[in-house]
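A.B. asks: need coordinates for the following:
(chains A, B and C)
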Amino acid sequence: MKISRASFLKLLAGAMAAVSLFGCRKGKPLPRNKHAKSLNKPDKNLWQKEIDEARLLKPRPEPLAPVPRPGAHPKFRNGNIRFGMAIDLDICDGCGKCALACMLENNVPRVTSEDAKKGRYMHWLELRGKMPVMCAHCGNAPCEKVCPTGAAVASPDGFSSMVYPRCIGTRFCGANCPLHARKFNYADSLTLGLAAKFNPEVPLRPQGVMEKCSLCIQRLQNARIQAKTFGTEWLGKNVFPACAEACPKGAILFGNWLDPESELVRKTQNRGIYAPKSVAKFLPAVVYLRGKA
Amino acid sequence: MRTRKVKWIVIWAVLIVGGAGLVAWDLASFPEYFYERSSRVPFNHEKHAEALGLDCSKCHVGAEAGIRATMPSKADCMDCHNLPLTESEGIERLDKALLNAPDAPFVFTSLLPSNVVFPHGLHVKSGVSCETCHGSAKEIDAGRRPQVRMQDCLACHQGKLGFPKASTDCARCHR
Amino acid sequence: MNILIFGIALLLPGLFAVDSALTLGPSSWDISQQRFWGTPIANFVFWIGLAHAGTFFSAILLVLGARWQHRVAFMAELSTLAALMVAASFPLIHLGIPSEFYQMIPMGNLRSVFVNPESPLVWDFVAILAYGIVSSLYILLHLFSLQKSSLERFRRPFAWILFPLVLWVHTIVSMDFAVTFVPNWQGAYFPLYFIFGALYSGVALVLVLTELSGRRVRAVEDLLISFSWAILAFWVWEALAKGIWHSEILVLGFLVPQLLWISKIREIQGARVLVAISGMVSLWWERLLLVQPESLDWTWVDIGLLSFGIGAFCVLFSLLRRGVQKAFPLALDENALEELRARPVQFARKPFWISICFGALAALLFAVYFVWNVPSITWMRLIPILFPIAALTAALSLSFFAARKVWSSKRIAWILGILLLWGVGVWGLVFRGSDVSYSEAFVTVSDQAGKLKSSAVDAREIWNARCAACHGKDGNLNRKFVHEYYPLPQTLSLSRIDSLGMDSLKRVILDGRNYMRPFRGRISDKEAAALVHYLKSMALQKEKGGLE
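C.D. replies: Model (predicted):
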């Protein structure tokens, strides 16, 4: 078989054009403004069902290792806030209410059935065994070190945050997270109808970016803005993430590790502080409590 | 030999025109704001704000203390428009239209990316007036809309625009 | 011609795979929520390894003065260009949002955002970009030197720039793995391991290509055997240190090449080609298992991407060779090359050192610029990208010197002008960035959003927002507005507030009175109560002010 050069070049150009057209992402025209329509509220049971499904995949709890009490964030030594969390495993019975609350608060999407088969769940807070596991908000975060664009970046309030528009989806952060707490948006969940805007304060993430537990950054930011607007001092008091609010037994303590008056610091006195073994050396801010110190 | 020369001239011309076009395109794509009527509601900001001395926050309740400026609902209009307010023609038509308008709130899609929080109140408290970004009431009536670009946010936060310096940490505004 | 048809046959189905990889995103190939890297990265590492073969044969052997170098040089250089283009396409396919790849360009904080120069991916991006440009210039120089012998003296200096760059590039590729916290990927030996692996597969590729073009270079076969022993050392090390041991890799990558010791087998051309291909297959498989040690639940896209890689390489390679054959017939004529080789070769000493100085200066300026603009970054963290920048600048300056030898200043000025124009244009595109194209792009504002929390502090804010339009911020009526249109309401003095009582005032706020419209629904009960308190405190203040 002999293909003439001209016809071959045509073929090649056509193929390239087809590829480039298919690969295009379309920009949208400016939105028109309108009167609000009443939206159908999505069925929360679907989310609950997915949590129950995902639990079966991870029957074993994370191995724990003792860690010292979290202190100042290594990048913000002079800061007076390091938000963190302590999950009391002596109280927690693994009911999973926190997982649902997290998904609804942060508009975490469900996944397609093919993705579910491959275990590509998006749950920011997942239950491994009976243990709620989310991003540990490491001080020396491995994810932040390898992110090429700086989309994974430390917040001056001492936790690890994500800047979605900077994320280009290299997934290096996910590959480097020993806890596997980072989730990648495999599907365009909004178009597929798998995402819902339960909480207007939280943006929906596009396909192709990484996401993870943000310690409910929207609540922290709003509380800080409110305090600064009204000129009151803000030490991170009176603000709680969705999971801590939802826990029926009060097993999830949230607060500022650097504020000696905070509930978090007071209630963790004389308790054994542990972190998942895989991230224990990275100065995590989210820790687990077990037994006496 | 002549065709060869023609070929080269064409190649050079394409290269030059293409390059210059690219540069021109770049230069044209940096407006600070643009004009586009985004709704058909004929609300006159100039008349309400400057002539009557109403604050922006009368209708955009959050504008001076909230996080988002918020849009008014029908009830906010009816606060004043339950009386025929002027003798200018058209007021009857307006009042009638208002009376028949749906109660549902007016929804406005701002050009602020949804992953960014812009605390209006905090900016007003720090001395940044509404006009700094939105322009005067007259310009708003003409459909002026600010182009929200991070360069502009950061220029101001770095203290380059005459306002005091502010935080430039990503996680302060992005969520 | 055969390579071309073979390539097209593999490329076309491959393009479908690339298309669906780009449209469906990474979910179309085999990765999970634990293993985020899949076949595109394995293919990338494999092809970038092959891309080093050309430079090895061309630059390193030239520097070291191997006598048979010219016999494989062109073949190797062309394969470098083709393999590099294939390799560079894989990380782009791998990205979650491929159109935003330019965010990895380290341009200080020109766009008010800066890359994280700690990330090996940024090093990768810069190093591969520099490597691509420098090796293209190198092959151009080589081709032109066939016609203009005055260019011959620039080849060795160029090779001296390219030689360390190729080692640098592959060291950085190995860093993508070695700096992580994944246990299988750690090891200080990774750079050497990767470099030897790359050279091994590259030697195998060159062997296949020279055999296919009907020639035989015994030295390449010897190199293949020696590299198979070198790579064996690393495999043994991996087995001892981490317990990683794959017998199929060992058989294909080490035992099969040993067949070349048997001269009967070595004399069969087909056997030589098969041995080389077996080496490449083992190396590819090894990279795949490195990236994806667990599940191999492949979709058709995984296989399609492999086919795309091979097909695109074959097509690019044969097209490049045809182009060279047409424009520089001497390049593929072995006798002519042999003659040319007899020319006395000089080393362009002065241009070389000047170019090196330029390169160092460019790297220094870049470091100063970056650190100046982004003070949170120390210059130490920029080192991995400084060398490629220096090499790129040095190569550009050396090309300039070479061009001066053969072209008139006017012509060079024209070329530089065009390049500058395009450079500025493309830079502007990058600077501008892409538009927001999120599924949910903008904030939606309605009257519901961002309600104020009710507390004593912000009652003032509610008053200013909701009430001040008529009642005035100080409670003294907004005269400009109210006087003109409304009958004046009564002033709320302290005594009047007390006589009315807090509860009735609250009711007025919520249910309205006379011309005041009800605020129920817009203001909560608690907020109304706070407002009444605020009203009273304002009246108190006024009373005091009046007394003074």
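A.B. asks: please state the offset of stretch C:196-203 from the chain centre?
C.D. replies: Counting by Cα atoms, centre = their mean, to the nearest Å, stretch C:196-203 is centred 23 Å from the centre of its parent chain.
A.B. asks: which stretches in chain B count as strands?
C.D. replies: Secondary structure of chain B, counting by DSSP state E: strands at B:33-35, B:106-113, B:144-146.
A.B. asks: looking at chain B, which helix or strand is least sure?
C.D. replies: Within chain B, confidence by mean pLDDT, DSSP states H and E is lowest for strand B:33-35 among all helices and strands, at a mean of 70.
A.B. asks: ranking the strands of chain B by burial, who's on top?
C.D. replies: When you average the neighbours per residue for each of the strands of chain B (mean count of other Cβ atoms under 10 Å in any protein chain shown), strand B:106-113 leads with a mean of 20. In this view, the C-beta of every residue, glycine as well, is placed from N, C-alpha and C.
A.B. asks: quick one: low-confidence parts of chain B?
C.D. replies: B:1, B:29-34, B:37-41, B:84-89, B:104-105 (pLDDT under 70).
A.B. asks: okay, domains of it per the record?
C.D. replies: B:1-34, B:35-173 (automatic domain parsing).
A.B. asks: buried ones in the first one?
C.D. replies: Okay, so that is domain B:1-34. Taking 16 or more other Cβ atoms under 10 Å in any protein chain shown as the neighbour-count basis, domain B:1-34 is seen to contain the buried residues B:15, B:19, B:22, B:23, B:26, B:33.
A.B. asks: nearest residue to residue B:23 other than its sequence neighbours?
C.D. replies: Once flanking residues are discounted, residue B:23 sits nearest to residue C:425: 4.7 Å by Cβ to Cβ, 6 or more residues apart in numbering or on different chains.
A.B. asks: what's the answer for residue C:506, then?
C.D. replies: Closest residue in space to residue C:506, ignoring its immediate chain neighbours: residue C:528 at 4.8 Å, by Cβ to Cβ, 6+ apart.
A.B. asks: doesn't the one you found fall inside a helix?
C.D. replies: Yes. Secondary structure assignment (DSSP: H, G, I helix; E, B strand; the rest coil) places residue C:528 inside a helix.
A.B. asks: my guess is it meets residue C:510, correct?
C.D. replies: Yes. Assessed by Cβ atoms under 8 Å, residue C:528 is found in contact with residue C:510 at 5.4 Å.
A.B. asks: shared neighbours of those two, which are they?
C.D. replies: Here residue C:528 and residue C:510 share the contacting residues residue C:519, scored by Cβ atoms under 8 Å, 6 or more residues apart in numbering or on different chains.
A.B. asks: between those two, who's got more neighbours?
C.D. replies: Set residue C:528 next to residue C:510 and count neighbours by other Cβ atoms under 10 Å in any protein chain shown: residue C:528 wins out with 22 against 19.
A.B. asks: distance of that one from residue C:478?
C.D. replies: Relative to residue C:478, residue C:528 is positioned 21 Å away (Cβ to Cβ, to the nearest Å).
A.B. asks: could you do residue A:222 as well?
C.D. replies: From residue A:222 to residue C:478 the distance is 31 Å (Cβ to Cβ).
A.B. asks: residue A:71 now?
C.D. replies: Computed as Cβ to Cβ, the residue A:71 to residue C:478 distance reads 53 Å.
A.B. asks: which of the two has more residues huddled nearby?
C.D. replies: residue C:478 (20 against 15).
A.B. asks: can you list the residues of chain B near chain A?
C.D. replies: Taking Cβ under 8 Å from any Cβ of the partner chain as the measure of proximity, chain B contacts chain A at B:36, B:38-39, B:65, B:67, B:102, B:104-109, B:111, B:113-115, B:117, B:119, B:121-122, B:125, B:167, B:169-172, B:174-175.
A.B. asks: output the strands of chain B as TSV; include the columns distance to residue A:95.
C.D. replies: Converted to TSV, those look like this (distance: least, Cβ to Cβ, whole Å):
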stretch	distance to residue A:95
strand B:33-35	51
strand B:106-113	36
strand B:144-146	47
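A.B. asks: pLDDT weak spots in chain A?
C.D. replies: Residue ranges of chain A with pLDDT under 70: A:1-40.
A.B. asks: I'd like to know how many residues surround the closest residue to chain C within it.
C.D. replies: Closest residue of chain A to chain C, Cβ to the nearest Cβ: residue A:169 (1.6 Å). A total of 24 residues lie near residue A:169 under the criterion other Cβ under 10 Å.
A.B. asks: so where do the strands sit in the chain?
C.D. replies: I'll assume chain A. With DSSP E as the criterion, chain A has strands spanning A:34-35, A:64-66, A:83-88, A:126-128, A:131-133, A:152-154, A:160-162, A:183-184, A:210-211, A:252-256, A:271-276, A:286-292.
A.B. asks: sorry, I should have been clearer: chain C.
C.D. replies: Counting by DSSP E, residue ranges of the strands within chain C are C:442-445.
A.B. asks: in it, which residue is most central in space?
C.D. replies: For chain C, the residue whose C-alpha lies nearest the mean C-alpha position (Cα atoms, centre = their mean) is residue C:125; its distance is 4.2 Å.
A.B. asks: do chain B as well
C.D. replies: The residue lying closest to the centre of chain B (Cα atoms, centre = their mean) is residue B:145, at 2.8 Å.
A.B. asks: touching, that one and residue B:35? I think so.
C.D. replies: Yes. Using Cβ under 8 Å, residue B:145 is in contact with residue B:35, at 7.3 Å.
A.B. asks: give me the number of residues near the residue of chain A found nearest chain B?
C.D. replies: Closest approach of chain A to chain B (Cβ to the nearest Cβ) occurs at residue A:155, with a separation of 3.4 Å. Taking other Cβ under 10 Å as the neighbour definition, residue A:155 ends up with a count of 26.
A.B. asks: what sits against the closest residue to it other than its chain neighbours?
C.D. replies: Of all residues beyond its chain neighbours, the one nearest residue A:155 is residue B:171 (3.4 Å), with distances taken as Cβ to Cβ, 6+ apart. For residue B:171, the contacting residues are A:153, A:154, A:155, A:156, A:157, A:161, A:163, A:217, by Cβ under 8 Å, 6+ apart.
A.B. asks: please report how far residue B:171 lies from residue A:163.
C.D. replies: Using Cβ to Cβ, we find residue B:171 at a distance of 8 Å from residue A:163.
A.B. asks: which neighbours do these two share?
C.D. replies: residue A:153.
A.B. asks: what is the burial count for residue C:488?
C.D. replies: For residue C:488, the tally of surrounding residues (other Cβ under 10 Å) stands at 9.
A.B. asks: wait, it sits on residue C:476?
C.D. replies: No. Distance between residue C:488 and residue C:476: 11.4 Å, which falls outside the contact criterion (Cβ under 8 Å).
A.B. asks: from residue C:272, how far out is residue A:217?
C.D. replies: Distance, residue A:217 to residue C:272, by Cβ to Cβ: 61 Å.
A.B. asks: and residue C:502, by the same measure?
C.D. replies: When distances are taken as Cβ to Cβ, residue C:502 and residue C:272 turn out to be 100 Å apart.
A.B. asks: with residue C:358 instead?
C.D. replies: Counting by Cβ to Cβ, the gap between residue C:358 and residue C:272 amounts to 44 Å.
A.B. asks: neighbour count for the two, which is higher?
C.D. replies: Set side by side, residue C:358 and residue C:272 show more neighbours around residue C:272, with 22 against 18, by other Cβ under 10 Å.
A.B. asks: if we can go back for a sec, which among the residues of chain B next to chain A count as buried?
C.D. replies: Of all the residues of chain B next to chain A considered here, the ones buried according to neighbour count by 16+ other Cβ under 10 Å are B:65, B:67, B:105-109, B:111, B:113-115, B:117, B:119, B:121-122, B:169-172, B:174-175.
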